[in-house]
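> Following is a predicted model, sequence given first.
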Amino acid sequence: MGLEHNIDTAHSPDVAEMRGLYRAAEARAARLRFIIEVRALLDAQTFETAAPEVLSRLADFAGASLARLVFPSLRAEAPMQLTVGQSRSPESDGILFASQDGSDLHLTLIGPSRGRPIDADDRQTLEVVAGQLADACNLERQATEKQALLGDLERQRSELAALVAQLIQAQEQERQRVALDLHDGSAQLAAGLSYRLQDLAARVGEAHALKPEIDQLAALARRSVADLRAAIADLRPPELDDLGVAAALRTRLDAIDGMEVIADLDAGADRWPASTGIIFYRVAQEAITNVIKNAKARRLIVRLFEDSAGEAHLEVIDDGKGIGEAPQIQERGARLGIVGMRERLALLGGRIEIGAGASGGTCVRAFAPLQQETISG
């Protein structure tokens, strides 16, 4: 039995060594907890709010009487300095720790030179926490800069939307002025000419040799009056002001003869911003005019709606000739119309797609984001 006891004693660990290992493990756990707590504090609060508490904890951890942090300001050009505590004995105090991570943030701990020495593990912990402070400072600075950039971008978008609205408003006012000039000038003259020719035809009688020619001139004058009135209505349809884009398009489509017209127009489009409604009406107007003049179509489908993503859509589909089959002179005219449609939609940040329809003909699709506009006086 005595022999067995001696063998067990010889192989059992030294108690002092066990205690040393235990203390070392506790110290490592304490350092880890300290790092985790600082990280949680920095994550939960803004940098400027959390920094004083972190400095206080760093001073306690290192046995320092003063902790100083110099870091880039989030709002000014000059660096900021934050100090917690004060040196109790400036003549005998020294620098216990100074961060050396190469960042714009500098941490300095000052305390008694004869106090508890900072070993390698403690220094490594302090470097880790200094790095956490630098990361938190950089992240908050980046977030502040990002927020400022987003604010600038939003302001520029608002200004652009206002400029687009003013540009469209100016274009429509010019159209309205031209329409009024035509109505009060050329249309009145053409109407007067038509009435005079009709009166002349009635007075000369059927037997007069010039009667057929006068009748032809009167018919030509009446046609000119009708064309002028149609042009005036296209320049500024009253429905666009009074009712909205869907109602104005429906009125335009109801006036089409000689083909089947299918109109699927969402009444909600009448509540779109004025600039969006005007531009979509003009694009539809151009596309419909191309169909009537060039496509030789038997059916015309027009759709106007808003999708779930808040984007305005227009579709103009015909079953006539494809856009590439038109004669060369008409193709050039169509290209000019396409350029005009693209330019109008570009004002809204939109786009246009033109291609073959599913069963022949041409399909014109227009898209644009719906945005609120601000028109300043």
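Looks like it came in fine.
> alpha carbons only for contacts and neighbour counts from here, please
Fine.
> where does the stretch 101-250 of the chain dip in pLDDT?
Of all residues in the stretch 101-250 of the chain, those with pLDDT under 70 make up the ranges 101-102, 115.
> could I get stretch 149-168 in PDB with only the CA atoms?
Presented in PDB, the C-alpha positions along stretch 149-168 are these (Å, rounded to 0.1, in the frame of the first residue of the first chain):
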ATOM      1  CA  LEU A 149     -24.400  61.300 -50.000                       C
ATOM      2  CA  LEU A 150     -27.900  59.800 -49.900                       C
ATOM      3  CA  GLY A 151     -29.300  63.100 -48.800                       C
ATOM      4  CA  ASP A 152     -27.500  64.900 -51.600                       C
ATOM      5  CA  LEU A 153     -28.700  62.300 -54.100                       C
ATOM      6  CA  GLU A 154     -32.300  62.600 -52.900                       C
ATOM      7  CA  ARG A 155     -32.100  66.400 -53.100                       C
ATOM      8  CA  GLN A 156     -30.700  66.100 -56.600                       C
ATOM      9  CA  ARG A 157     -33.500  63.800 -57.600                       C
ATOM     10  CA  SER A 158     -36.100  66.200 -56.200                       C
ATOM     11  CA  GLU A 159     -34.400  69.100 -58.000                       C
ATOM     12  CA  LEU A 160     -34.300  67.000 -61.200                       C
ATOM     13  CA  ALA A 161     -38.000  66.000 -60.800                       C
ATOM     14  CA  ALA A 162     -38.900  69.700 -60.400                       C
ATOM     15  CA  LEU A 163     -36.900  70.700 -63.400                       C
ATOM     16  CA  VAL A 164     -38.500  67.900 -65.500                       C
ATOM     17  CA  ALA A 165     -41.900  69.000 -64.400                       C
ATOM     18  CA  GLN A 166     -41.100  72.600 -65.300                       C
ATOM     19  CA  LEU A 167     -39.700  71.600 -68.600                       C
ATOM     20  CA  ILE A 168     -42.800  69.600 -69.500                       C
END
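> What residues of it count as buried?
Within stretch 149-168, the residues scored as buried using 16 or more other C-alpha atoms under 10 Å are Ser158, Glu159, Leu160, Ala161, Ala162, Leu163, Val164, Ala165, Gln166, Ile168.
> ditto for stretch 308-324
Neighbour-count burial for stretch 308-324 [16+ other C-alpha under 10 Å]: Ala312, His313, Leu314, Glu315, Val316, Ile317, Asp318, Asp319, Gly320, Lys321, Gly322, Ile323.
> Assumed the third one was part of a strand.
Yes. Using DSSP: H, G, I helix; E, B strand; the rest coil, the secondary structure at Leu314 is a strand.
> Just grab the bridge partners of it for me.
Here Leu314 shows beta-bridge partners Leu304, Ala366, assigned using DSSP bridges.
> Tell me how far it lies from Gln371.
Per C-alpha to C-alpha, to the nearest Å, Leu314 is found 16 Å from Gln371.
> now the first one
Plainly put, Ala312 is 10 Å away from Gln371 if you go by C-alpha to C-alpha.
> The fourth one too?
To Gln371, Glu315 is 20 Å away according to C-alpha to C-alpha.
> Could you double-check that Val302 lies in contact with Glu315?
Yes. Counting by C-alpha atoms under 8 Å, Val302 touches Glu315, with 5.6 Å between them.
> which one's the longest helix in this structure?
helix 120-184 (DSSP state H).
> C-terminal to it, what's the next element?
Using DSSP states H and E, the helix or strand that follows helix 120-184 in sequence is helix 186-204.
> Please point out which parts of that following helix sit buried.
So for helix 186-204, counting by 16+ other C-alpha under 10 Å, buried means Ala187, Ala190, Ala191, Leu193, Ser194, Leu197, Gln198, Ala201.
> swap in stretch 176-185?
Counting neighbours by 16+ other C-alpha under 10 Å, stretch 176-185 gives Gln176, Ala179, Leu182, His183 as buried.
> Any chance of TSV for those, columns distance to Ser87?
As requested, the buried residues of stretch 176-185 are exported to TSV (distance: C-alpha to C-alpha, whole Å):
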residue	distance to Ser87
Gln176	80
Ala179	84
Leu182	89
His183	90
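> No further queries at this time; thank you.
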